[in-house]
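In: Here is my input; please provide its structure:
(one chain, ligands or ions: 2)
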Amino acid sequence: MKKLLVKNIGLLATPEGKSAHRGEEQGKIKFLKDAWVLIEDGIIASVGTGAVPAVEGAEVVDAEGHLVTPGLVDAHTHLIFGGWRQNELGLKLHGASYLDIQNAGGGIQSTTNATRQASEQELAAKASKALDEMMGFGTTTVEAKSGYGLATEHELKALEVIKDLNDHHRMDLVATFMGAHLVPAEYKSNREEYVRLVCEEMMPKVKEQGIAKFCDVFCEADTFTVEESRQVLEAGLKYGLRPKIHADEIEAIGSQLAGEIGAISAEHLIVCPPEGIASMAKGGVIACLLPATSFNLGAVFAPARDMVKAGVPVAMATDFNPGSCPCLNMQFVINLGCLKYKLTPEEVLTAVTLNGAAAIDLADKVGSVEEGKLGDLVIWDAPDLDYICYRVGSNLAKTVIKRGEIV
Ligand code: NIG
Ligand code: FE
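Out: Ligands and ions are numbered 1, 2, ... in the order given. Got it, this is the predicted structure:
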C-alpha cells in the first residue's frame, strides 16, 4: 500500500461534506491548526492535529507550517480546441464586441474550423499541456466540454480525447457534451435541422459510447433560443445526460429555464435577473460563476452576493477557452471572487472546491479534505486563506498532491 503523510501543516482549511453548501453554510470552513493528513492508496485515510502518527513505510511531506487546502476543482472548461484566437484582441481593442466577432464568422466558428482540422493526437497533446499548467496552479479535477466540433464525427472526437486524457493524464476529468455550442456555418439557414442532428444523431452516439456525463447548451439570443435550449436539454435527459446551461452570459436569458428543468448547474449568469436567481433557488441549481470571463469580456460581474443570499450554492471555475477566457488559472478566479463578487475568502474556498465538485456531481469524491475522499491537496506558499485571496499574479501553489502523489 502506498502511503503519504503530510505533516507540519500550519493551517488546514476545508469545507466539509458531500453536497453543495448554500447560504450561510457556504462561508463555513473548518480550520485546523498544526495538522497532518495521511493518504493511503490515493484516498485520505485520516486527518488530525498535534502529535504526528508514526506510519511505517509512509513517504513524509513537510508542509513547513504553510496553508493546505483541498485540490481546486475547475468545474467549467472548454479544454478541447484547435488553434488560438489572439487575432481577436486587436478587433476588441477597436471596439468589436464578442457577438460582433461571432456574427462575422470569427469566435466559436473559427475555433471549430481549427478543431475539425486537428487530429485526436494533436488535440490531446495541446489539452495535456494545458492540464499540466492547471495542475501547477493547484487544480486537481477538471470538467471539459466538447463543442468545437459541431458535427457528429468531431464532437465524438473531442469526447474521445477527454476520455483518453482521463485515462492517461494524472488529472481527473469529467466530460460534458456541448454539440449545442453554436449553429455551425453550414446549418445557418436550417437551424432546426442542426438542433435535430444534436438531439437525434449525436446524443444517441454519445450515450452508446458512454463518453459524457452532462449536456450543455449556449443559451443566448444569437445562439440557441430558450426553446431550442429546452429541446436540447430535454433530449439530453432522455439519453441520461444531466443538464447544464450557459445562461445570462450576454443577455438575460436561460437562468429561469435552468430552474425549471432542474439543471445541475447554470453557468456564467453575468446578467442574471432576480427571477432567474429565484428560479435557480427553487430548482436546486448550482450557480457556476466564471469571473475571469467577465474580466476578459470587459463585462459586469455576476450578482454572486444576491445568489448566496437567496440560498443558491455558488461554485466558481475558469471557463478556459480560446475566445472569451484564455485563462486556466484558478488562483486568478479566487482573487476575482473576493475582489469582484465580494465573496469572503471562506465562501470563495467553498466555491472552488466542494461546490465546484457538486456542480460536476463529484462532491462525494473530491472538494474537501476528509476521510474517504481522494488524496488531492495543495500546499500553498501562504500562511492562511486570506493570503491566497489577496496576492494577485504569483503562483502560490507550492506543492500539489494528486491521489496521494506529489505532482
Ligand atoms: O463560455 N459562451 C460560450 N462559450 C464559451 C466561449 C467560447 C468561445 O468564445 O470560443 C464561454 O464563454
Ligand atoms: Fe463556457
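In: Any residues of the stretch 201-350 of the chain in contact with ligand 1? List them.
Out: 218, 246, 249, 293, 319, 321-324 (Cβ under 6 Å from any ligand atom). Backbone N, C-alpha and C define where each C-beta goes, glycine included.
In: Of all residues in the stretch 301-407 of the chain, which one is closest to ligand 1?
Out: G323 (2.3 Å; Cβ to the nearest ligand atom).
In: That residue: which element?
Out: Assigned by DSSP states H and E, G323 belongs to no helix or strand.
In: Could you do A358 as well?
Out: helix 354-359.
In: Who are the packing partners of that helix?
Out: strand 72-74, strand 139-145, strand 286-289, strand 314-316 (3 or more Cβ pairs under 8 Å, 6 or more residues apart in numbering; DSSP states H and E).
In: is the helix or strand bottoming out on mean pLDDT in the chain up against ligand 1 anywhere?
Out: One helix or strand of the chain scores below all others by mean pLDDT, DSSP states H and E: helix 98-103, with a mean of 89. No - looking at helix 98-103 against ligand 1 by Cβ under 6 Å from any ligand atom, there are no contacts, and the closest approach is 7.0 Å.
In: on that earlier part again, contacts only, for the residue of the stretch 301-407 of the chain closest to ligand 1.
Out: 85, 88, 98, 107-108, 111 (Cβ atoms under 8 Å, 6 or more residues apart in numbering).
In: Please name the residues that touch G375.
Out: Residues near G375 by Cβ under 8 Å, 6+ apart: 4, 37, 39, 42-44, 401-404.
In: export the helices and strands packed on helix 354-359 to JSON lines and tack on mean pLDDT?
Out: Formatted as JSON lines, the helices and strands packed on helix 354-359 follow (pLDDT from 0 to 100):
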{"stretch": "strand 72-74", "mean pLDDT": "99"}
{"stretch": "strand 139-145", "mean pLDDT": "99"}
{"stretch": "strand 286-289", "mean pLDDT": "98"}
{"stretch": "strand 314-316", "mean pLDDT": "99"}
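In: want to throw the ones you listed into CSV with mean neighbour count?
Out: Output for the helices and strands packed on helix 354-359, formatted as CSV (neighbours: other Cβ atoms under 10 Å):
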stretch, mean neighbour count
strand 72-74, 32
strand 139-145, 29
strand 286-289, 32
strand 314-316, 30
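In: and the least confident helix or strand of the chain, how far out from the chain's middle?
Out: Relative to the centre of its chain, helix 98-103 is centred 24 Å away, using Cα atoms, centre = their mean, to the nearest Å.
In: List the buried residues for that helix?
Out: Using 16 or more other Cβ atoms under 10 Å as the test for burial, helix 98-103 gives 98, 101-102.
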